[in-house]
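Undergrad: Sequence and predicted structure are below.
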Amino acid sequence: QVQLVESGGGLVQAGGSLRLSCAASGRAFSTYAMGWFRQAPGKEREFVAAISRSGGSRYYADSVKGRFTISRDNAKNTVYLQMNSLKPEDTAVYYCAGSVQVTTSVDGMNYWGKGTLVTVSS
């Protein structure tokens with residue numbers, strides 16, 4: 001079992017930056033691929049970014065490519081999402097998730113955090 005706790009959300013102006021963190025506990029963190037997803041009000045949860053177990057492979061949604069960066073520190077059992085040039089349409093609850101195999105699919109994730117709210121004002 002893996003427990004995931006997100007932090008770092010908040011209110012930021014358009015064009016600003018935030019860094020989300022997700023701390024993992026339980027089963028060995030390095031055995032899981034990790035991902036970030038988000039869900040805006042009234043919308044379905046969607047893929048944002050994913051990273052392989054070693055961190056050597058990274059994947060991004062087209063909507064965030066070039067603005068967001070996913071990274072992980074296996075020694076600290078933590079995955080990060082650096083978000084730059086934020087836009088109002090990035091407003092959502094951001095979820096950290098873990099999977100046995102790296103995937104961009106919501107249904108493919110095995111473990112989920114409870115989420116952290118990011119609000120981008122115009």
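TA: Received it, and whenever you're ready, just let me know what you need. Numbers count the residues shown, from 1 in each chain.

Undergrad: Report the contact partners of the closest residue to Thr116 other than its chain neighbours.
TA: Spatial nearest neighbour of Thr116, excluding adjacent residues (C-beta to C-beta, 6 or more residues apart in numbering): Gly9 at 3.4 Å. C-beta coordinates here come from the backbone N, C-alpha and C atoms, glycine included. When contacts are counted by C-beta atoms under 8 Å, 6 or more residues apart in numbering, Gly9 touches 18, 20, 93-94, 116-118.

Undergrad: State the pair within the residues you listed that is farthest apart.
TA: Based on C-beta to C-beta, the longest span within the contacts of Gly9 runs between Leu18 and Val93 and measures 13.3 Å.

Undergrad: any residues in contact with both of the two?
TA: What both Leu18 and Val93 touch, as defined by C-beta under 8 Å, 6+ apart, is the set 9, 118.

Undergrad: roughly how far apart are the residue nearest to Thr116 and Cys96?
TA: Going from Gly9 to Cys96 by C-beta to C-beta, to the nearest Å gives 11 Å.

Undergrad: and for these two, which residues touch both?
TA: Between them, Gly9 and Cys96 share the contacting residues Leu20, judged by C-beta under 8 Å, 6+ apart.

Undergrad: what residue is smack in the middle of the protein?
TA: Among the residues of the chain, the one closest to the centroid is Trp36, at 2.3 Å (C-alpha atoms, centre = their mean).

Undergrad: Confirm that that residue sits in a strand.
TA: Yes. Assessed with DSSP: H, G, I helix; E, B strand; the rest coil, Trp36 lies in a strand.
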